[in-house]
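In: got a predicted model here, sequence first, then my questions.
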Amino acid sequence: MTTKTVAELLAQNVTTQDVTVKGWVRTFRANRFIALNDGSTINNIQCVVDFENFDEALLKRVTTGAAIHVTGELVESQGKGQSFEIVVKTLEILGDSDSESYPIQPKKHSFEFLRENAHLRTRTNTFSAIMRLRSSLSFAVHKYFNENGFYNMHTPIITGSDAEGAGEMFRVSTLDQKKPPLTEDGNIDHTKNFFGKDTNLTVSGQLEAETYAMSLGKVYTFGPTFRAENSNTSRHLSEFWMIEPEVAFMDLAGNMDLAEDFMKSVLSYILDNNQDDLEFLEKRLLDDEKTKPQLERSELSLIEKIKFVVDNNFKRVSYTEAIDILRNCKPNKKKKFKYIINEWGADLQSEHERFLVEKHFKCPVILFDYPANIKAFYMRLNEPDNEGRETVRAMDVLFPGIGEMAGGSQREERLDVLKEKMKALDISEEELWWYLDLRKYGSAVHSGFGLGFERLVMFVTGMGNIRDVIPYPRTPQNAEF
Ligand code: 4AD
Ligand code: MG
């Protein structure tokens, strides 16, 4: 008799003489009904014990959170709420759980409380559903790229270049913190450091991915990235996972096509394969919505929102068009925005992005061709427009409820233009000699983007705080677990 998961037992859908299952007790009702969950599915299996056949002392140990091993017969259930249940023949306690102190009680807990108990929060329906969806999404990401001829590349986590410009970095050092070796002019002597130079945790794998795109053609990275920015928002983590495809001979239009196709594909994978978890989270959100005033309620349910993205084209809008819309929109004229948009060149804040996506277009939007001076050095410079303004071939993919889901660009492939840009921004050529080499030997048009994996998980699960879609969030002042 092999142990089956609850998911397997419920899926087999036929009465079976002898089954065995292991899991954690969710509830034990009327000294008779154990709701057992093993994490394999959102659904519990009901285990029915005839208390006359069991020692009272043993049944007392069937407490919420206890790990148990049950054998018995899988039969059609007479009760409501499940089609099959186990009539228990043997019951073994694998691990007791003190129900008085066990943090995960069978009641509603706040997300703040569960964050403090992140080591146990996946014992709840909500967090087990989120983490199964996260796992499934991760698989869908690799599946998409694998089926579309991309090679997976593991870019380094410790990096010697800090020129990406994506954000503040975390230093990696083995020097004595109290008495670091100093150079003659009093600076820290990094030649004595572990790598013989100053190193940091990476903010992005892009620059390294570009080198592989320019040899393997189509590559992607999917790994952890780190940002030491002090931004305590519901959409920022200090450690997050980024998906970065990079493709040779592809221009910005191709990059937009890739981003849209990729996102639709992984979302439809989830619709096809994770229905139980989606339905559970959808119901949770609907219950949540009922407590809100009518006007603030969302028009679409969770699954409808995902379907909407899969079935509709993303709207492609240039930065210049977006500025025109924003300049003339009501919240701008009535000074409802915190940052009023007066002129071309302004950096867009999330309030502007959300207006465009949620109020104006009401669908995902890809903004492209941003002003050169608000974007990174490596983005492909356009010809100046008819008013002489300089833009780069950048794109940001904006999602309802999320804001920026992905950002990318066509890369500057012309050596002289790139060098000039680096000089203007005081970026050292010596440090990025290998990046410049790509422009010396067989340079070509190439493009890519980076998508924040947790933001995708937020969209799919409908969770409002990014700390609830990663197992152990790292944020300013917080690295517990
Ligand atoms: O826009 P970003 O900074 O772009 C880059 O790093 C490029 N090198 C990507 C590329 O072209 N290969 O980051 C990309 C995405 C953002 O759109 C956002 O979804 C996510 O990463 N992101 C974060 N997610 C969580 N916490 C943070 N602090 C994030 N910063 C960016
Ligand atoms: Mg960005």
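Out: Cool, the structure landed. Ligands and ions are numbered 1, 2, ... in the order given.

In: distance from the longest strand along the chain to the middle of the chain?
Out: Longest strand of the chain, by residue count under DSSP state E: strand 16-29. Relative to the centre of its chain, strand 16-29 is centred 33 Å away, using CA atoms, centre = their mean, to the nearest Å.

In: cool, stretch 300-307 as well?
Out: 18 Å.

In: in it, what's buried?
Out: Neighbour-count burial for stretch 300-307, counted by 16 or more other CB atoms under 10 Å, picks out 301, 302, 303, 305, 306. For the C-beta atoms, the positions are set from N, CA and C on the backbone; glycine is no exception.

In: which residues touch the first one?
Out: Think residue 301. Contact partners of residue 301, counting by CB atoms under 8 Å, 6 or more residues apart in numbering, are 282, 285, 286.

In: quick one: what helix or strand has the first one in it?
Out: Which is residue 282. helix 275-290 (DSSP states H and E).

In: average pLDDT for the helix or strand that that helix is followed by?
Out: Later in the chain than helix 275-290, the nearest helix or strand by DSSP H and E is helix 302-311. Mean pLDDT, helix 302-311: 97.

In: got the CA coordinates for helix 302-311 in PDB?
Out: Only the C-alpha atoms of helix 302-311 are listed here, as PDB (Å, rounded to 0.1, in the frame of the first residue of the first chain):
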ATOM      1  CA  LEU A 302      -9.700  37.400 -10.500                       C
ATOM      2  CA  ILE A 303     -10.200  34.700 -13.200                       C
ATOM      3  CA  GLU A 304     -12.000  37.200 -15.400                       C
ATOM      4  CA  LYS A 305      -9.100  39.600 -15.000                       C
ATOM      5  CA  ILE A 306      -6.500  37.000 -16.100                       C
ATOM      6  CA  LYS A 307      -8.700  35.900 -19.000                       C
ATOM      7  CA  PHE A 308      -9.100  39.500 -20.100                       C
ATOM      8  CA  VAL A 309      -5.300  39.900 -20.300                       C
ATOM      9  CA  VAL A 310      -5.000  36.600 -22.200                       C
ATOM     10  CA  ASP A 311      -7.700  37.500 -24.700                       C
END
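
In: now do the helices in the chain.
Out: 6-12, 56-60, 111-116, 125-147, 206-216, 252-273, 275-290, 302-311, 319-328, 330-333, 350-354, 415-424, 433-437, 453-461 (DSSP state H).

In: which outside residues touch the first one?
Out: So that's helix 6-12. 4, 19, 21, 23, 36-38, 40-41, 43-45, 74, 83-84, 86.

In: among those, which are in strands?
Out: 19, 21, 23, 36, 37, 45, 74, 84, 86.

In: can you pick the most crowded of those?
Out: Counting neighbours by other CB atoms under 10 Å, residue 45 leads those with 27 neighbours.

In: separation between the closest residue to that one other than its chain neighbours and ligand 1?
Out: Spatially, and ignoring its direct neighbours in sequence, residue 45 is nearest to residue 6 (4.6 Å; CB to CB, 6 or more residues apart in numbering). Distance, residue 6 to ligand 1, using CB to the nearest ligand atom, to the nearest Å: 33 Å.

In: what parts of the stretch 201-350 of the chain come near ligand 1?
Out: The stretch 201-350 of the chain comes close to ligand 1 at residues 204, 206, 227, 236, 237, 240, 242, 244, as judged by CB under 6 Å from any ligand atom.

In: go again using 8 Å as the cut-off
Out: Taking CB under 8 Å from any ligand atom, the part of the stretch 201-350 of the chain that reaches ligand 1 is made up of 203-207, 209, 225, 227, 229, 231, 235-238, 240, 242, 244-246.

In: for ChimeraX, write a command that selects the buried ones of these.
Out: In ChimeraX, a selection of the buried entries from these looks like this (16+ other CB under 10 Å):
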select :203,204,205,206,207,209,225,227,235,236,237,238,240,242,244,245,246
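
In: and which of the contacts of helix 6-12 is nearest residue 326?
Out: residue 41 (45.5 Å; CB to CB).

In: pretty sure that closest one is in contact with residue 275, am I right?
Out: No - Residue 41 is beyond contact range of residue 275, at 11.0 Å (criterion: CB atoms under 8 Å).

In: tell me which of the two has more neighbours.
Out: residue 41 (21 against 12).

In: got a list of what that one touches?
Out: So residue 41 contacts 5, 6, 7, 10, 276 (CB under 8 Å, 6+ apart).

In: thinking again about what came up before, out of the helices of the chain, which is closest to residue 404?
Out: helix 350-354 (6.5 Å).

In: quick one: mean pLDDT for that closest one?
Out: In the prediction, helix 350-354 has an average pLDDT of 93.
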